[in-house]
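In: Structure, please.
(2 chains)
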Amino acid sequence: MYTGAVLDRRALRRFTRNRPALVGAGIVAIVLLLAIFGPMLAPHDPNEMHFEADALSALGKPQGPSAEFPLGTDAAGRCVLSRLLYGARVSLEVGIFATALAVGIGLWIGLLAGYYRKATDAVLMRFTDMVLAFPFLLLVITVASMRESSSMVDVFLVLGLTGWTTMGRVIRGKVLSLREMEFVQAARAVGAGNGRIILRHILPNVLGPTTVLASVGIAGFILSEAVLSYLGLGVPPPQASWGAMLYEGQSLYTLAPRLILIPGAAIVITVLGFNLLGEGLRDAFDPKDKRG
Amino acid sequence: MAAALLLAAAAAAAGCKNKSLSAGPAYVGAGATTPTRGGTLRFSINDGIKSLDPQVAYDEYSIYPLHYTMDTLVGYEKTMSPNAVGLIPQLATNMPVAEERTMKHPVSGEDIEVWVYVFHLRDGITFYDPTPPPGMAKVRPIEPRHFKYAIERCLDPDTSSPAQSFFEAIGGAPEMIAREGDKGPREAWGLVAEGRDLTIILTKPDPTLMYKLAMKFASPIEPEVVKHYGADGLNAHEVSSGPFYVTSYDRDIRIQFKKNPEYWDKDSIYLDGIDMQLMVERQVGFMKFRARETDVVDRMTVQDLLSIGEEPAWQPYLLRDKSIDIYGERFDLTMKPFDDKRVRQAFNYAINREHLAQLGYGTMLPAKGPLPPGMPGYNPELRGYAYDPVKAKALLVEAGYPDGFELDYFITGPDEKVEKIALSVQADMARVGVRLKIKRLTFPVHLAARMSAGKIPFGLDSWVQDFPDPSNFLEFLFHSKYRAPTNAVNSSQYSNPEVDKLLDAAAVELDPAKRTELYHQAEQLIVDDAPWVFEYHSVRVEARQPWLMDYKMHPVWIRDFRYVWLDLPSRPR
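Out: Below is the predicted model of the structure:
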């Protein structure tokens, strides 16, 4: 059992010896770098439509890889590589902002419900159940049709506002056991108030599982963004996102399968990276793991 | 790695598919040089048939079976003739010209001016009905009263015919249309059946009357048959007056036709029958065509269109023909900043129509104005807007928008082609400083909004012909009388008194040359005023099997298989 430090030396050692976790961390690092520096690497403006023969045939058929367009063009004559690089940023932004929002809500609901128990717990947990029971896609479609078009802010608001429930429940469970521990009893005995106990003594102890859930959560949100954009409810055109690229490529899936395979592979690899990282972090924080 | 393998596998699969297509059709026709008789033509559509009731059916798919089974007083020339939209007598023997005279109004007794047409019916024309109602013969003569009844049935409010207003120039028609319950006439005095003649009396001139009489709404029908089957029964039961009759009809599955042995013009019909499969999804329809289960295919998906469209071996078997329509964006002239003509013209200069056409898989033809080539009255000399972003920018500056502005741009969707065009329009407008936000609405919502004033400042719009006459485009879309707060056919709320005057004059002008000139003038004024960005006319693409002969898309009937022939048996190539 650990107390205090989020990532103590033993945990760090466990993490660095976990090969899949390192691979995950590596993938995440690369994707982050691409998202940050991608726009500098992109050979073209991702939204510019090219009408020359190496981009679109006379009938409007997208062209395969060439020196000018290393991954070819899409059905609107845009550079697939440039869109992929810019799309990395959108996917990560959505993933990170939505996770931040979900953590913000879930963490506090979990802390309050777990610490105060009784009526507070009952109200907050029933509310959580309600959100959990609400059909996600229906909500998104309702929001999208109410707004006539969607923006990136809509996307991460919807994802964040519906995606915090697991976080809330896990943290609550953790807090329920933490609040009975000796160090909490001791703090209370020396006269610490509820606020101080929650912030100073309980919060640092749930940051471990929060980190794990957040990194797995990012993966989930990247996938959800892809689903939304695939349904045409995601980022507004002409903005590139991996999900939007899938959506735009689907009508040509036999003729130009690369238009869905390329963004699809990007999504799979990134999600895998975040999941491996999350697993690794969980193993590292697991006090029962005696390795190292 | 896994992704790379997947990529390679998919590319290989795609390669295989393209290879078999690139070889062209595997079978060719028997090689006959003159038309041979026999065979059944097979094709599929991706929807069902809404109605077989000639006075009710109005959509493209319902018109197919009606066109194979029903004739009218006048009809279009054969599809392969050089002037396929020219009218010729069909069940009538003559093409009457309006005779202007004065007569006493049969109800009020006043002297009124009328325009009279006398049609003389062909001898020996019959209805063919192999499963007749009890007490009726299989073959029954067609008489003038059957045409009178057909038109009256359109006018009768009980029928709810979409053609009701088409015939309102006929004497007594407005009274019939206004009938409530038993208050009002059930017959129009402007329709007189006598001997072998049908006389049509108009109370105002209608240069489009002949086209309306060529529509299936005016095909003859017996009151006894309507009484026997009732309106619902007529949705699924037909009595033939044309080259084919229905042998079986499974709703939403299949409808089959056989050659009418009693048809008056049976020598010009080569097919034994037609087999029309219903509710076949577009992709499946293409597969059926490739498996030689159908003889012709249309409405191909984007990828089928692209894969077959660029194959040299398939080119002789592809049909591309203009569809009589106009697509583009319309402005709402009641909304700022589109009350300013300069802003509208700036949009017209800024949008690159050649680029749009390139995005369209060969299904789009850049437009200069509303009237498409192939429509009578089309003006090749019309001054349109060339792509000129500099001029567009200058006009925007002049109108007081040096920094451009932000604007919602409403399209319908999800639709791959529409969305791609929207992207191109968005990019073109960004170049002159107008920042468009694309908003996608479902079709019914979009339609209701764009036909209302003050809802959609700038958005997609389109019009497809009802009959081949310029009034069908220019008058409906741009005459100020068709403006309305909601349900406005003139959806841009455009109004120009000079245009109204020209359109009104053309509507009653019986000299075709003068009439065309009036429409040319009106169209130029409309294009100069720029209530729309006229973007493109669509091109239909079909593929045929090598043995389907003398087939061409018809401007009105679209898929006219009446006069085709099959060069069978087919043989491997």
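In: Run through the residues that contact A:Arg282.
Out: Contact partners of A:Arg282, counting by CB atoms under 8 Å, 6 or more residues apart in numbering or on different chains, are A:209, A:212. From N, CA and C alone the C-beta is placed, and that goes for glycine too.
In: excluding its backbone neighbours, what's nearest the most centrally placed residue in chain A?
Out: Central residue of chain A (CA atoms, centre = their mean): A:Ile218, 1.6 Å from the mean position. Nearest in space to A:Ile218, with sequence neighbours left out and distances taken as CB to CB, 6 or more residues apart in numbering or on different chains, is A:Gly95 at 4.1 Å.
In: again with A:Ala284
Out: Computed as CB to CB, 6+ apart, the closest residue to A:Ala284 that is not its neighbour in sequence is A:Phe15, at 3.9 Å.
In: Could you do B:Ser570 as well?
Out: Nearest non-adjacent residue to B:Ser570, counting by CB to CB, 6+ apart: B:Tyr27, 4.4 Å away.
In: How about B:Pro380?
Out: Nearest in space to B:Pro380, with sequence neighbours left out and distances taken as CB to CB, 6+ apart, is B:Pro373 at 7.6 Å.
In: State the distance from that neighbour to B:Ser323.
Out: To B:Ser323, B:Pro373 is 11 Å away according to CB to CB, to the nearest Å.
In: Looking at the two, which is more packed in?
Out: The residue with the greater number of neighbours, taking B:Pro373 and B:Ser323 and applying other CB atoms under 10 Å in any protein chain shown, is B:Ser323; the counts read 18 against 13.
In: about what we covered before: okay, and the residue nearest to A:Ala284 sits in which element?
Out: Here A:Phe15 sits within helix A:9-16, counting by DSSP states H and E.
In: Output the contacting helices and strands for the following helix or strand past that helix.
Out: With elements assigned by DSSP H and E, the helix or strand that comes after helix A:9-16 is helix A:19-41. Contacting helix A:19-41 under the criterion 3 or more CB pairs under 8 Å, 6 or more residues apart in numbering or on different chains; DSSP states H and E are the following elements: helix A:9-16, helix A:80-116, helix A:258-285.
In: can you count the residues close to the closest residue in space to B:Leu73 that isn't next to it in sequence?
Out: Take B:Leu73 and drop its neighbours on the chain: the residue closest to it by CB to CB, 6+ apart is B:Ala92, 4.3 Å away. B:Ala92 is flanked by 26 other residues according to other CB under 10 Å.
In: What of the one 3 residues further on?
Out: B:Met95 has 13 neighbouring residues, counting by other CB under 10 Å.
In: what does B:Thr486 give?
Out: Using other CB under 10 Å: B:Thr486 sits among 10 other residues.
In: So the closest residue to it other than its chain neighbours, which state does it fall into?
Out: Here the nearest residue to B:Thr486 in space, its sequence neighbours aside, is B:Ser452; by CB to CB, 6+ apart that works out to 4.6 Å. B:Ser452 falls in the coil class when you classify it by DSSP: H, G, I helix; E, B strand; the rest coil.
In: Check B:Val225 too.
Out: Here B:Val225 takes the helix state, with states given by three-state DSSP.
In: Name all residues that make contact with the residue nearest to A:Ile218.
Out: Contact analysis of A:Gly95 by CB under 8 Å, 6+ apart lists A:218-219, A:221-222, A:225, A:274.
In: Show me the two of these that sit farthest apart.
Out: When these are compared pair by pair using CB to CB, the two farthest from each other are A:Glu225 and A:Phe274, 13.0 Å apart.
In: how near is the residue nearest to A:Tyr247 when sequence neighbours are not counted to B:Val246?
Out: Spatial nearest neighbour of A:Tyr247, excluding adjacent residues (CB to CB, 6+ apart): A:Tyr230 at 4.7 Å. Plainly put, A:Tyr230 is 44 Å away from B:Val246 if you go by CB to CB.
In: Output the below-cut-off pLDDT ranges for the chain.
Out: Defaulting to chain A. Counting by pLDDT under 70, chain A shows low-confidence ranges at A:1-8, A:144-145, A:147-150, A:232, A:286-292.
In: oops, I was thinking of chain B
Out: Applying pLDDT under 70 to chain B flags residues B:1-20.
In: check contacts around the residue nearest to the spatial centre of it.
Out: Compute the mean C-alpha point of chain B, and by CA atoms, centre = their mean the closest residue is B:Gln465, 4.7 Å away. The neighbours of B:Gln465, taking CB under 8 Å, 6+ apart as the test, are B:324-325, B:375, B:472-473, B:556.
In: hmm, 6 Å instead?
Out: Residues counted as contacts of B:Gln465 (CB atoms under 6 Å, 6 or more residues apart in numbering or on different chains) are B:324, B:472.
In: same check, this time on A:Ala226
Out: Applying CB under 6 Å, 6+ apart, one finds that A:Ala226 lies in contact with A:242-243, A:267.
In: Report the separation between B:Asp275 and B:Val192.
Out: B:Asp275 sits 41 Å away from B:Val192, taking CB to CB as the criterion.
In: Quick check: residues of the stretch 151-292 of chain A near chain B?
Out: With CB under 6 Å from any CB of the partner chain as the criterion, the stretch 151-292 of chain A meets chain B at residues A:232, A:237-238, A:251-252, A:254-255, A:257, A:261, A:265.
In: repeat that with 8 Å
Out: Listed as neighbours of chain B in the stretch 151-292 of chain A under the rule CB under 8 Å from any CB of the partner chain: A:232, A:236-238, A:248, A:251-258, A:261, A:264-265, A:268-269.
In: what about burial for those, which qualify?
Out: A:232, A:236-238, A:248, A:251-258, A:261, A:264-265 (16 or more other CB atoms under 10 Å in any protein chain shown).
In: next one: stretch B:54-69 to chain centre, how far?
Out: For stretch B:54-69, the gap between its own C-alpha mean and the chain's C-alpha mean amounts to 12 Å (CA atoms, centre = their mean, to the nearest Å).
In: no, scratch that, I was asking about stretch B:376-390
Out: The chain centroid and the centroid of stretch B:376-390 are separated by 23 Å, computed with CA atoms, centre = their mean.
In: which SS class is B:Ile438?
Out: The three-state label given to B:Ile438 by three-state DSSP is strand.
In: wait, doesn't it sit right on A:Pro237?
Out: Yes: checked against CB atoms under 8 Å, the pair B:Ile438 and A:Pro237 is within contact range at 5.1 Å.
In: and for these two, which residues touch both?
Out: B:419, B:422-423, B:426.
In: quick one on the thing from earlier: what about the residue nearest to B:Thr486, neighbour count?
Out: Neighbourhood size, B:Ser452 [other CB under 10 Å]: 17.
In: Could you pull up the contacting residues of it?
Out: Contact partners of B:Ser452, counting by CB under 8 Å, 6+ apart, are B:485-488.
In: Would you check how far apart B:Arg344 and B:Val533 are?
Out: In this structure, B:Arg344 and B:Val533 are separated by 8 Å, where distance is defined by CB to CB.
In: B:Leu371 now?
Out: Counting by CB to CB, the gap between B:Leu371 and B:Val533 amounts to 15 Å.
In: More neighbours: which of those two?
Out: The residue with the greater number of neighbours, taking B:Leu371 and B:Val533 and applying other CB under 10 Å, is B:Leu371; the counts read 27 against 23.
In: How about the more buried one, nearest residue that isn't a chain neighbour?
Out: Excluding the flanking residues, the one nearest B:Leu371 by CB to CB, 6+ apart is B:Tyr378, at 4.9 Å.
In: Does that neighbour belong to a helix, a strand or coil?
Out: When the structure is reduced to helix, strand and coil (three-state DSSP), B:Tyr378 reads as coil.
In: Hmm, B:Pro370 and it touching each other?
Out: No: between B:Tyr378 and B:Pro370 there is no contact, the gap being 10.0 Å when judged by CB under 8 Å.
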